[in-house]
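Visitor: give me coordinates for this.
(chains A and B)
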Protein chains: 2
Amino acid sequence: MGSRFLEQLPTPAALIDRTRLLKNLRAMQQRAAQEGVALRPHVKTHKSPDLARLQQEVGAVGITVATVDEAEAFVAAGFTEVRLAYPTVGADRYERLLPLMERARLSFCLDTPEAIREASAFFAERGRQARVLLEVDTGFGRTGVRWDDARHLVACARLIQESPGLRLIGLLTHAGQAYHGPQSGESPIDALRRVAAEERDRLLAAAVVLHQAGLATPGQLELSVGSTPTAHYFTNRTEQGFRITEMRPGNYVFHDAMQVALGSCTLDDCALTVLARVVSRKPDGRGGWWVFLDAGKKALSTDQGYGTQGYGLPLYRPASRTPLPHARIARLSEEHGWMHVRGGTTLQIGDRVQIVPNHACLVAPLLRRFYVVEGDEVVAEWAVAEASSVARSVASTC
Amino acid sequence: MGSRFLEQLPTPAALIDRTRLLKNLRAMQQRAAQEGVALRPHVKTHKSPDLARLQQEVGAVGITVATVDEAEAFVAAGFTEVRLAYPTVGADRYERLLPLMERARLSFCLDTPEAIREASAFFAERGRQARVLLEVDTGFGRTGVRWDDARHLVACARLIQESPGLRLIGLLTHAGQAYHGPQSGESPIDALRRVAAEERDRLLAAAVVLHQAGLATPGQLELSVGSTPTAHYFTNRTEQGFRITEMRPGNYVFHDAMQVALGSCTLDDCALTVLARVVSRKPDGRGGWWVFLDAGKKALSTDQGYGTQGYGLPLYRPASRTPLPHARIARLSEEHGWMHVRGGTTLQIGDRVQIVPNHACLVAPLLRRFYVVEGDEVVAEWAVAEASSVARSVASTC
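Guide: Residues are numbered from 1 along each chain as shown, chains lettered A, B, ... in the order given. Sure thing, here's the model as predicted:
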């Protein structure tokens, strides 16, 4: 590839600002070091082996994935330390994990007696012992055994330990309530501090419960927390000998408009933008303009979150992440962004606009390619990894 | 591939019910025949050459695409009659269309003087004349020259006709306002009838304006309308010799929860479901349950629309499209569907649930593979087409 510039890229395109990316990688690695935890970044955000390699160069101990597809793709790309942070249910999934376990140190989550029994039976029959973490719900209300449900925590941990096909290596949680924003009277930063403390303290409390039941000893259990907003405000501490051992943020590599709204980062920390082009425009009849961009639901996704405005934040000057004044992406069609501009606009047909997406983690599966840029120059092109099973399957039908 | 059953599929997976698909294809083809228009289905909904071939077997005259990526993928797959229903801006796009024009009868849309001039200059320089349609806005308010803006309609049509690199072959519109639902006091069906009439009458009115300006004669201009909800209620008519010549619905192959809410189809007409599995569950503390499915934002998308409930409609009995009672997909995480069930639930860990998505057109780019099923048997597997430029580019970085 010869040198290539932003003006030559097709649109819509996902751009990674290399300088901001590296700054984000180093800042999070430093956070982890400071709090004495390993950083095992969640690669669901980017699904890019190239980016994950950079994360490892900076100091990450391994990677976290959300699906067996991702596990396959990253093991195929040479990653050997892989945690599947998802309640892993179904013999078909265990079947696909088996060959990966030959090539990588792999672990996955369980959170129900039913799945624990099924997984143990599967691996025991094959003379294997799978490394599992018990997922704990520290207040998000999603998957995982509730941190304050001592009876179920002990029952599940005991069941895993008594299962011949499984080995309990840790507890894992995701404090997704960090995305809910502040409670009444609370500042955004205070909300993140509160949730980061909840996530830590409740996971430590769960470890202590297992300790008291004779099922865990400090130093032997991995205690894994993770989300980008809580990672920024995480401080470690000791509870009856237990400490948090790792964190698994994913989004921090890019950040996005949701993270800005939550106070998890500044707009200047956002490394990912979607490059779009003005394809049409018309007056709105009230002195403003509708400017139509070629990035819609199939590039930006329709995701919104606490504090986001419209469907992404259009930039006036990408270098400084200065927002486009008076502009709002008010609606999306599948391939159109409806950007409303109050008052006049200088945007012409064919002009390029960079947009900070609301939720960066949804851009990778839609656009499937990243252009890494330094200023106006494209310095690398990174493809989203395909699961080997997908590649196989598609090949077989061609 | 040996015979394969639903129980053996990985989850999440996109399923196409073959019987319902064929019924939808035939019904729309019959609608088109009845109203004396060609059917040129929009393949953005499925991006599958296999499915588009079926559409052609049933009688479609060609295909409609939304992007140059789709045009490349479908021309590479052998399609020779391709309409790009999108205001096509940028020399890079024209450059990619050039080789496709050697292999297919290709046309695209324009809607601004700036793009008309740029396109004409590009094709004229290369001794080519591109076939273009002027996009008309018949009330949606998106791209296209407004139907009631006679001055701009005439100016753009004249500019195209005077452009050496372009040939005006028709007018094209998309009455996206059909997705807004009924106005106060109106029934859903009346709303669709109203919008279908608007779309038709306003496009015919635009043709008459060009006729009066000496820029068009009946029989010479293609008049293309299209959206699934309006196609179901479209009736043709003659206005000063002009008639609608084609329609371009896309979604009708699958339908979805949005179309059901709009009254465009019944739940029984929905051919696409997302197959998910129960990975965890817990009581909600108020007598109900949270059931967690492995289909989230990266399978169903977060899209919602007029009248949709939650993020997709879970089925109790897929064969009859009977909804799961008391259940609602209340929230999505990236890889989790949060299904709330009032009262008790019989769903167990590992159970499979089929979900009718809110918006079927967003499933293809996310899941990228369809399993075609007859009852519980998987009878075919269709991959989403990759743009050849994507394939090339990815190959070059491997």
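
Visitor: need the pLDDT of the residue of the stretch 151-300 of chain A found nearest chain B.
Guide: Nearest residue of the stretch 151-300 of chain A to chain B: A:S280, at 4.1 Å (CB to the nearest CB). No exception for glycine: its C-beta is placed from N, CA and C like everyone else's. According to the predicted model, the pLDDT of A:S280 comes to 98.

Visitor: can you tell me the helix or strand for it?
Guide: strand A:272-283 (DSSP states H and E).

Visitor: swap in A:L22?
Guide: Assigned by DSSP H and E, A:L22 belongs to helix A:18-34.

Visitor: isn't A:P318 right next to A:V274, touching?
Guide: No: applying CB atoms under 8 Å as the test, A:P318 and A:V274 come out as separate, 11.2 Å apart.

Visitor: mutual contacts of the two, please.
Guide: Overlap of the contact sets of A:P318 and A:V274 (by CB atoms under 8 Å, 6 or more residues apart in numbering or on different chains) consists of A:Q354.

Visitor: the longest helix in chain A is where?
Guide: Scanning chain A for the helix with the most residues, using DSSP state H, yields helix A:188-212.

Visitor: let me know how buried A:L134 is, in neighbour terms.
Guide: 28 (other CB atoms under 10 Å in any protein chain shown).

Visitor: after the helix or strand where it lies, which helix or strand is next?
Guide: Following DSSP H and E, one finds A:L134 within strand A:130-137. The C-terminal neighbour of strand A:130-137 among helices and strands, as given by DSSP H and E, is strand A:145-146.

Visitor: quick check: A:W147 vs chain B, distance?
Guide: Distance of A:W147 to chain B, given as CB to the nearest CB, to the nearest Å: 13 Å.

Visitor: mind checking pLDDT for the closest residue to that residue other than its chain neighbours?
Guide: Of all residues not flanking A:W147 in the chain, A:R202 sits nearest, at 3.8 Å (CB to CB, 6 or more residues apart in numbering or on different chains). Per-residue pLDDT puts A:R202 at 98.

Visitor: now the strands for the stretch 151-300 of chain A?
Guide: A:166-172, A:222-225, A:246-247, A:272-283, A:289-293 (DSSP state E, counting those that start in this stretch).

Visitor: now mean neighbour count too, for those, in TSV please.
Guide: Formatted as TSV, the strands of the stretch 151-300 of chain A follow (neighbours: other CB atoms under 10 Å in any protein chain shown):
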stretch	mean neighbour count
strand A:166-172	23
strand A:222-225	25
strand A:246-247	26
strand A:272-283	24
strand A:289-293	25
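
Visitor: among those, which comes closest to B:A197?
Guide: If you check each of these against B:A197 by CB to CB, strand A:272-283 wins as the nearest, at 23.3 Å.

Visitor: partners of the closest one, with directions?
Guide: strand A:13-17 (antiparallel), strand A:289-293 (antiparallel), strand A:352-356 (antiparallel) (DSSP bridges).

Visitor: distance from the chain centre to that strand, please.
Guide: From the chain centre to the centre of strand A:272-283 is a distance of 26 Å (CA atoms, centre = their mean, to the nearest Å).

Visitor: over to stretch A:195-215?
Guide: Computed by CA atoms, centre = their mean, the separation of stretch A:195-215 from the middle of its chain amounts to 24 Å.
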